[in-house]
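[1] coords below, sequence missing:
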């Protein structure tokens, strides 16, 4: 009886270990891929950033946040040339889905940001154009291992002097839904 129990426990441990290794393998991320985008003093996730391509910049220029900011810059006689606006963004390529398309995390630099937060966009590029599939204001974005409709879930953080929290964004084609409180 004791021998049978020991054998059963040993088999369970081997089985559990094998299942755990398999689960970790399937959840592993590309080790060189950035998953945390937090433009704080260490500029996490944006150290290798580049200005946006023409297609990505065109997609950004079509958003209300960027349009309104460009209008305000114009009202204050600031340079609103295409190249001046391009310098207000940093982009990093990311893999959001298994589809054969490129995606980018974009962060705005002043004045393409809030007074107490950063502005983030996720832009997906296709063969002909690019499209913003998420806009989020907050402190950071983090790509998750979990997926919805084939695209990685994204967790955002926000904070004020009095409170802080998390928002989870899930893809519901053709874009990410508005975040909800992640408890």
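    Yes, it's here. Model, not experiment: these values are computed from the prediction.

[2] this structure: helices as residue ranges?
    Counting by DSSP state H, the chain has helices at residues 2-27, 54-61, 64-75, 82-86.

[3] lowest mean pLDDT across the ones you listed, which one is that?
    For the helices of the chain, mean pLDDT drops lowest on helix 2-27, to a mean of 37.

[4] remind me which residues of this protein are low pLDDT?
    Filtered on pLDDT under 70, the chain yields the residue ranges 1-32, 181-183.

[5] try it again at 80.
    Under the criterion pLDDT under 80, the flagged ranges of the chain are 1-33, 41-43, 99-100, 127, 178-183.

[6] all strands of it, in order?
    Assigned by DSSP state E, the strands in the chain fall at 36-37, 89-94, 102-108, 118-125, 130-138, 140-148, 151-159, 164-169, 180-181.

[7] of all these, which one is nearest residue 52?
    Closest approach to residue 52 among the strands of the chain (CB to CB): strand 89-94, 4.8 Å. In this view, the C-beta of every residue, glycine as well, is placed from N, C-alpha and C.

[8] packing partners of the closest one?
    Under the contact criterion of 3 or more CB pairs under 8 Å, 6 or more residues apart in numbering; DSSP states H and E, strand 89-94 touches helix 54-61, strand 102-108.

[9] just name the most buried of the ones you listed.
    Highest mean neighbour count among the helices and strands packed on strand 89-94 (mean count of other CB atoms under 10 Å): strand 102-108, with a mean of 23.

[10] sheet partners, orientation included, of it?
    According to DSSP bridges, strand 102-108 forms sheet pairs with strand 89-94 (antiparallel), strand 118-125 (antiparallel).

[11] would TSV of these with mean neighbour count and distance to residue 48 be doable?
    Output for the strands paired with strand 102-108, formatted as TSV (neighbours: other CB atoms under 10 Å; distance: least, CB to CB, whole Å):
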stretch	mean neighbour count	distance to residue 48
strand 89-94	20	7
strand 118-125	23	17
